[in-house]
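What shape does this take:
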Amino acid sequence: MLPALPDGDERELESSEEGGGAGEERRPERHGSTYHSLYGYRSGRCSQQGAGGGDGSPSSAAAETPSGEDFSLSLLDTNLPAEAETELRSFISKRLTKGALFEGMGNVASVGLSIPEYKVGCYYCRFQQENILEMATLEPDINVPEYVVCFLGGSEKGLELFRLELDKYIQSLKINLDLEQKPLETYINPYLRSWFENAICPIQRVVQLFQEKLAFLLHAALSYTPVEVKNADERTEKDISRFLAAASLQGLVQEGTMTSLCIAMTEEQHKSMVIDCSGLLPQLHNAGSNRFCEDWMHAFVNGAEGGNPFLFRQILENFKLKAIQDINNLKRFIRQAEMNHYALFKCYLFLKNCGSGDILLRIVKVEHAEMPEARNVVTVLEEFMRETSVA
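Okay, the predicted model is just below:
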């Protein structure tokens, strides 16, 4: 059984904005309106940065925080209307005044602005330019420029699901941001404008591309099966890699277990799952699946009708949560089975009915490798499962 998305969460994730379709291949996917703002930040004094906005929007050239503050924010680039940008800058200024913006640490909040969405999710982060930061370690007198970037779209809860992806997106911006060498309009503005397409939409694009074949990707992610992508464009290859990373249990199971599983799967199968994207639809070779992944595949495919990338991510998080619950239940049954034969039968029934017995057994086998009694239980369960599959 799939755990249902709670009504409150579903309402939160299904915003009033229109979902972007996949009908036009080259147009970026949108979920309602998305916005960005980039500010130059100076602490201790109010000095305006010598760079203007690049998109021609009103007030983008010289908007700055009031001089009464102990810092200054100068607008470098935005696609927000002038009034909404002023409201956003006021919000960021309050956060800075409270000392709530730490360098390199992204935050998510809900912000009320004078735009049609009214309440919109906002990811904001203060960061320093990477290459100058390295020079400053050698020459302490160098003044390292600081910036505050804001991405707005969807809901607060929706953006919270993508905080790690947005942090990585900012990391790339830190490395490439060099206003002296790279014109804002040519390099930085396109990167800022495409934040939603590049950081939020990969999961949605993978669901739309694979459809019913998504079950094989889910199985590969859970079982740590190596995946090789052939004949794909750069964006599709990155999308598949990001989906597999987001669907894996990395960070949710012990690091040693994950490493051992990767080694075990590589040694056991001696070949990767191959995804060939040379045709209109991807072709998969050496792929595996199970009932658990097939059930969850239907949840993704059914959700594709609404075109909500935040809903896809919530389904993915629920998928991982159910997998972790099943792993913990099996480990509890195994502990009981060390002293109770009836509990051993319960283990067998659980593995038979959960839909992912093949993967769960691999995981607990690795985790219990150094525990003789538990390892004996796992060995018996493996024999039961083999006999059942042959029968």
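
how long is stretch 177-184 end to end?
With C-alpha to C-alpha, to the nearest Å applied, stretch 177-184 spans 9 Å between its terminal residues.

State the mean pLDDT of that stretch.
Average pLDDT, stretch 177-184: 70.

so where do the helices sit in the stretch 101-250 of the chain?
130-138, 156-160, 163-176, 189-193, 195, 202-210, 214-223, 234-247 (DSSP state H, counting those that start in this stretch).

Mind giving me the packing neighbours of the last one?
Helix 234-247 makes packing contacts with helix 202-210, helix 214-223, strand 227-230, helix 309-337 when contacts are defined by 3 or more C-beta pairs under 8 Å, 6 or more residues apart in numbering; DSSP states H and E. Bear in mind the C-beta positions are built from the backbone N, C-alpha and C, glycine included.

among these, which is the most enclosed?
helix 214-223 (a mean of 25; mean count of other C-beta atoms under 10 Å).

tell me the angle it makes with helix 309-337.
50 degrees (axes from the mean of the first three to the mean of the last three C-alpha atoms, to 10 degrees).

which outside residues touch helix 214-223?
The contact list for helix 214-223 (C-beta atoms under 8 Å, 6 or more residues apart in numbering) reads 206-207, 210, 225, 227, 240, 243-244, 247-249, 261, 265, 273, 284, 287-290, 293-294, 296-297, 300-301, 319, 323, 356, 358-359, 362.

for the helices of the stretch 101-250 of the chain, which one sits closest to Glu305?
Judged by C-beta to C-beta, the one of the helices of the stretch 101-250 of the chain that comes nearest to Glu305 is helix 202-210, at 10.8 Å.

Against which helices or strands is that closest one packed?
Against helix 202-210 (3+ C-beta pairs under 8 Å, 6+ apart) you get helix 214-223, helix 234-247, helix 291-303, helix 309-337.

Can you say which of the ones you listed is nearest to Gly158?
Per C-beta to C-beta, nearest to Gly158 of the helices and strands packed on helix 202-210: helix 309-337, 3.4 Å.

Just list what the helix or strand just after that closest one packs against, helices and strands only.
Once the chain leaves helix 309-337, the next helix or strand it forms, by DSSP states H and E, is helix 341-354. Packing partners of helix 341-354 (3+ C-beta pairs under 8 Å, 6+ apart): helix 309-337, helix 357-367, helix 372-390.

Please convert the ones you listed to CSV, extending it with distance to Cys347.
Below are the helices and strands packed on helix 341-354 laid out as CSV (distance: least, C-beta to C-beta, whole Å):
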stretch, distance to Cys347
helix 309-337, 4
helix 357-367, 10
helix 372-390, 6
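
Make TSV from those and add mean pLDDT and distance to Pro116 to it.
Below are these laid out as TSV (pLDDT from 0 to 100; distance: least, C-beta to C-beta, whole Å):
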stretch	mean pLDDT	distance to Pro116
helix 309-337	93	18
helix 357-367	87	45
helix 372-390	80	55
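
right, so of these, which gets closest to Ser74?
helix 309-337 (31.9 Å).

Mean neighbour count, the helices of the stretch 101-250 of the chain: which tops it?
helix 214-223 (a mean of 25).

need the helices of the stretch 101-250 of the chain in CSV with distance to Pro145, can you?
Below are those laid out as CSV (distance: least, C-beta to C-beta, whole Å):
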stretch, distance to Pro145
helix 130-138, 6
helix 156-160, 26
helix 163-176, 11
helix 189-193, 16
helix 195, 20
helix 202-210, 30
helix 214-223, 39
helix 234-247, 29
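
Quick check: phi and psi at Ala304.
Backbone torsions for Ala304, taken as degrees, to the nearest 10, come to phi -70, psi -20.

That one and Val227, how far apart?
The spacing between Ala304 and Val227, counted by C-beta to C-beta, to the nearest Å, is 22 Å.

In this structure, where is pLDDT below threshold?
1-32, 44-69, 117, 131-143, 179-182, 252-270, 306, 389-391 (pLDDT under 70).

Let me know the outermost residue of it.
His341 (42.5 Å; C-alpha atoms, centre = their mean).

how far away is that residue from Val377?
10 Å.

Would you mind listing the residues touching both of those two?
In contact with both His341 and Val377: no residue, using C-beta under 8 Å, 6+ apart.

nearest to Leu192, of the helices and strands packed on helix 341-354?
helix 309-337 (18.4 Å).

and the angle from the closest one to helix 341-354?
Using the same axes, to 10 degrees: helix 309-337 against helix 341-354 is 160 degrees.

for helix 309-337, the distance to its chain's centre please.
18 Å (C-alpha atoms, centre = their mean, to the nearest Å).

name the helices or strands packed onto that helix?
helix 7-13, helix 156-160, helix 202-210, helix 234-247, helix 291-303, helix 341-354, helix 357-367, helix 372-390.

okay, those in CSV with distance to Thr86 next?
Putting these into CSV (distance: least, C-beta to C-beta, whole Å) gives the following:
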stretch, distance to Thr86
helix 7-13, 27
helix 156-160, 21
helix 202-210, 32
helix 234-247, 35
helix 291-303, 37
helix 341-354, 54
helix 357-367, 52
helix 372-390, 62
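
Now do the same contact list for Met105.
125-126.

quick revisit: identify whichever of the helices and strands packed on helix 234-247 lies nearest to Tyr187.
When those are compared (using C-beta to C-beta), the closest one is helix 202-210, at 21.9 Å.

Other residues contacting the closest one?
So helix 202-210 is in contact with 22, 29, 214, 216-217, 236, 238-240, 242-243, 246, 281-282, 300-301, 303-304, 307, 309, 312-313, 316, going by C-beta under 8 Å, 6+ apart.

what angle sits between it and helix 291-303?
Using the same axes, to 10 degrees: helix 202-210 against helix 291-303 is 100 degrees.

Find the nearest non-adjacent residue to Lys331, please.
Val364 (6.0 Å; C-beta to C-beta, 6 or more residues apart in numbering).

What is the burial count for that neighbour?
23 (other C-beta atoms under 10 Å).
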